[in-house]
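Peer 1: need coordinates for the following:
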Amino acid sequence: MQKIYPNAAAALDGLLEDGMFIAAGGFGLCGIPELLLDAIKEAGTENLTFASNNAGVDDFGIGILLQTRQVKKMISSYVGENAEFMRQYLSGELELEFNPQGTLAERMRAGGCGIPGFYTKTGVGTVIAEGKDHKDFNGETYIMEEGIFADLSIVKAWKADETGNAIFRKTARNFNPPAAMCGKVCVLEVEEIVPTGSLNPDHIHLPGIYVHRIVQGEHEKRIEQRTVREG
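Peer 2: Got it, this is the predicted structure:
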């Protein structure tokens, strides 16, 4: 099956619909599927729910979809670097489901493995636990979290072969693998596509079985917080 598409818009063709649930990889501005997010903006798809660690910044990442009011709900861990994200949440314009970072990653991974729910101690005794099932194991209380099953996954890798076996470079290997796993369809954007069989199997972070479409492109690679030492 041919998985490679000429551009991000073509890779998303026929997949987008209003009200859908999208899992997006990346952390801040690191390893985010920026080309696919731009294509979603241009498509004008609305009332979207995103599961993502955060929403990037105001004019980059998922932040561009917040500016155009295409997102109705975020399932996230952090809002701190995006003023528009924070403004919409505090004004009641945007629904937000806070998840501890590890819990969010595990919810994605669980969905990808077909696991509908799991128990964790994280959040016990806080607002995170409100309305959730509590259960004791060996004298300790845990809460149940549900696996994430998204309509679409959008992720970014450093390198992939023609079947979608992917390698994520350094800290870009954050939420990308679990986000890729939990979608009914996964679209992968990469910096480089190499011939099938040229990647060392021991170096592959995401098996191509999870990837349905691939697009290669140029990436801006912004730095979210540039910190330099004084001369």
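
Peer 1: helices of this protein, start to end?
Peer 2: Under the criterion DSSP state H, the chain contains helices at 8-12, 34-43, 63-67, 83-90, 101-112, 176-181.

Peer 1: other residues contacting the second one?
Peer 2: The reference is to helix 34-43. Surrounding helix 34-43, the residues in contact under the criterion Cβ atoms under 8 Å, 6 or more residues apart in numbering are 7-9, 11-12, 16, 22, 24, 48, 60-62, 64-65, 68, 70, 154, 156, 187, 189, 215, 217, 219-220. No exception for glycine: its C-beta is placed from N, CA and C like everyone else's.

Peer 1: of those residues, grab the buried ones for PyMOL.
Peer 2: When burial is assessed using 16 or more other Cβ atoms under 10 Å, the buried subset of these is captured in PyMOL by this command:
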select buried, resi 8+9+11+12+16+22+24+48+60+61+62+64+65+70+154+156+187+189+215+217
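
Peer 1: what segments of the chain are strands?
Peer 2: Assigned by DSSP state E, the strands in the chain fall at 4-5, 21-24, 48-51, 71-76, 95-98, 117-120, 134-137, 140-146, 150-161, 166-167, 183-194, 213-216.

Peer 1: rebuild those strands as TSV, extending it with mean pLDDT.
Peer 2: Conversion of these to TSV gives the following (pLDDT from 0 to 100):
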stretch	mean pLDDT
strand 4-5	98
strand 21-24	98
strand 48-51	98
strand 71-76	96
strand 95-98	94
strand 117-120	98
strand 134-137	98
strand 140-146	98
strand 150-161	98
strand 166-167	98
strand 183-194	97
strand 213-216	98
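
Peer 1: out of these, which comes closest to I204?
Peer 2: Using Cβ to Cβ as the criterion, the shortest distance between I204 and the strands of the chain is 6.3 Å, found for strand 166-167.

Peer 1: the worst-scoring helix or strand of the chain on mean pLDDT versus strand 71-76: what angle between them?
Peer 2: Averaged element by element with mean pLDDT, DSSP states H and E, the chain has its least confident helix or strand at helix 83-90 (a mean of 90). Angular relation of helix 83-90 and strand 71-76 on a 0 to 180 degree scale: 100 degrees, by axes from the mean of the first three to the mean of the last three Cα atoms, to 10 degrees.

Peer 1: ok now helix 83-90, how far from the chain's centre?
Peer 2: For helix 83-90, the gap between its own C-alpha mean and the chain's C-alpha mean amounts to 19 Å (Cα atoms, centre = their mean, to the nearest Å).

Peer 1: buried stuff in it?
Peer 2: For helix 83-90, a neighbour-count test (16+ other Cβ under 10 Å) marks E84, F85, Q88, Y89 as buried.

Peer 1: and if you look at stretch 130-145?
Peer 2: Y142, I143, E145.

Peer 1: now distance to M181 too, for those residues, in TSV please.
Peer 2: Formatted as TSV, the entries for those read as follows, by distance: Cβ to Cβ, whole Å:
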residue	distance to M181
Y142	23
I143	23
E145	16
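
Peer 1: which of those sits closest to G111?
Peer 2: Nearest to G111 among those is E145, at 10.9 Å by Cβ to Cβ.

Peer 1: could you check how far the closest one is from E93?
Peer 2: The span separating E145 from E93 equals 26 Å under the rule Cβ to Cβ, to the nearest Å.
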